[in-house]
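**Student:** Provided below are the primary sequence and the corresponding predicted coordinates.
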Amino acid sequence: MDIFKRKNRIYVPVITEEIAKETLIRCSSCGRLINYKDLKNNLNVCPYCGHHFRMSIQERINLLTDTDTFKAINSDIEPLDVLNFYDGAYYKNQLAKVRQETGFNSALITGKAKIDGVDVAIGAFSFEFIGGSLGFTEGEKIVKLFTYAKKNQLPVVVKFSSGGERIQEGVFSMLQIVRIIQAVDVFKEDGGLFISILTNPVYGGASAIGMLGQFVFAEKDAMIGLTSPRITQLAFGMNFSRELQSAEKLLENGFLDGVFERKDLKSTISKVLKIYTNRSLI
């Protein structure tokens, strides 16, 4: 069984904004061609069929928070290569390349901000950084985010988009799940509010962590589960409908508290935050 190796590696070049502006973008759902400016003005949602394209991490922060209120914290935590991992290419070289391309040290940005005037501790995963995978750096930043929120009595909002654990870090990646669950439990036991936002895709340990929120919301078109359909087919020879992992199906079966259009996410979170911050008046 050869899940992790691919005989012919395909490296997808990063498309800069300058190049994209001159290119018509084809919707992967309906196949229609979309003008770049029209797509951006519509929050990266297809104006024809409503398909939700991925957003950059900065676009996510801008969408969810009030203008110019986000201040990053713990951005200096560096990735580790304890295993000196090599799978045809050295992990340390892969890290250097993706850090240069994205400008970030990890797949997770954390900070403090305001959402409709309410102070929050916030985190957002970037799928562009090694598939938004969970490694030591991401685990450390989430733990510190919940510790910071507990100390300052802030609600926590985390936007998930991840392929799961980072295989290049082996058991050190798996251990982060335990650390994060412990940090979340301590935070919630102290009366803290954790709002989780699941966006396409969320797999592996990230999906388990995302389900810990008192409120678990998902964006339309999000795929959520233990593994992707491709890995399930390769590992177990099983084929199943992608619909089973759709946010809509999970909502139908009671695993989520709501599935929303991208444009409605901030207002929905804002309502929950305002009830939480005024709970003493209820």
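**Tutor:** Perfect, I can see it now. These numbers were taken from a predicted model, which means no experiment stands behind them.

**Student:** please make it C-alpha for all contacts and neighbour counts, starting now.
**Tutor:** Noted.

**Student:** does S270 touch K114 like I think?
**Tutor:** No. Using C-alpha atoms under 8 Å, S270 makes no contact with K114, being 9.8 Å away.

**Student:** distance between the ends of stretch 242-256?
**Tutor:** Start-to-end span of stretch 242-256 (C-alpha to C-alpha, to the nearest Å) is 17 Å.

**Student:** repeat that for stretch 205-223.
**Tutor:** In stretch 205-223, first residue to last residue: 14 Å (C-alpha to C-alpha).

**Student:** can you pull the buried residues of that stretch?
**Tutor:** Within stretch 205-223, the residues that qualify as buried by neighbour count (16 or more other C-alpha atoms under 10 Å) are 205-213, 215-223.

**Student:** contacts for that stretch next, please.
**Tutor:** For stretch 205-223, the surrounding residues in contact (C-alpha atoms under 8 Å, 6 or more residues apart in numbering) are 51-52, 134, 160-165, 174, 177, 180-181, 184, 193-202, 224-226, 242, 245-248, 256-262, 265.

**Student:** quick one: which of these sit in strands?
**Tutor:** Taking DSSP state E, the ones among the contacts of stretch 205-223 that sit in strands are 160-162, 194-202, 224-225, 258-260.

**Student:** buried only: go through those for me.
**Tutor:** Listed as buried from the ones in strands among the contacts of stretch 205-223 are 160-162, 194-202, 224-225, 258-259; burial here means 16+ other C-alpha under 10 Å.

**Student:** what packs against the strand or helix carrying E138?
**Tutor:** Using DSSP states H and E, E138 sits in helix 136-152. Here helix 136-152 touches strand 108-115, strand 118-125, helix 171-189, going by 3 or more C-alpha pairs under 8 Å, 6 or more residues apart in numbering; DSSP states H and E.

**Student:** how about the first one: buried residues?
**Tutor:** Meaning strand 108-115. L108, I109, T110, G111, K112, A113, K114, I115.

**Student:** please name the nearest non-neighbouring residue to the third one.
**Tutor:** Spatially, and ignoring its direct neighbours in sequence, T110 is nearest to G123 (4.2 Å; C-alpha to C-alpha, 6 or more residues apart in numbering).

**Student:** what of the last one?
**Tutor:** The spatial neighbour of I115 that comes closest, neighbours along the chain excluded (C-alpha to C-alpha, 6+ apart), is T65 at 4.8 Å.

**Student:** what's around L63, how many residues?
**Tutor:** L63 has 17 neighbours, counted by other C-alpha atoms under 10 Å.

**Student:** and the contacts of the strand or helix carrying it?
**Tutor:** Taking DSSP H and E as the criterion, the element that holds L63 is helix 57-64. The contact list for helix 57-64, computed with C-alpha under 8 Å, 6+ apart, reads F70, I109, I115, A124, F125, S126, L265, K266.

**Student:** what angle do that helix and strand 118-125 make?
**Tutor:** On the basis of axes from the mean of the first three to the mean of the last three C-alpha atoms, to 10 degrees, helix 57-64 is oriented at 150 degrees to strand 118-125.

**Student:** alpha carbons only: can I get helix 57-64 in CSV?
**Tutor:** Written as CSV, here are the backbone C-alpha positions of helix 57-64 (Å, rounded to 0.1, in the frame of the first residue of the first chain):
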residue,chain,number,x,y,z
ILE,A,57,-5.8,33.5,5.3
GLN,A,58,-5.7,37.3,5.1
GLU,A,59,-9.0,37.4,3.3
ARG,A,60,-10.5,35.2,6.1
ILE,A,61,-9.2,37.5,8.8
ASN,A,62,-10.7,40.5,6.9
LEU,A,63,-14.0,38.8,6.5
LEU,A,64,-14.5,37.8,10.1
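
**Student:** C-terminal to it, what's the next element?
**Tutor:** strand 71-72.

**Student:** show me what the following helix or strand past that following strand is packed against.
**Tutor:** Beyond strand 71-72 on the C-terminal side, the first helix or strand identified by DSSP H and E is helix 91-102. If contacts are counted by 3+ C-alpha pairs under 8 Å, 6+ apart, helix 91-102 sits against no helix or strand.

**Student:** in helix 91-102, what counts as buried?
**Tutor:** For helix 91-102, the neighbour count (16+ other C-alpha under 10 Å) marks Y91, K92, L95, V98, R99, T102 as buried.

**Student:** now it: average pLDDT?
**Tutor:** Throughout helix 91-102, pLDDT has a mean value of 92.

**Student:** how big is the angle separating that helix from helix 57-64?
**Tutor:** Using the same axes, to 10 degrees: helix 91-102 against helix 57-64 is 50 degrees.
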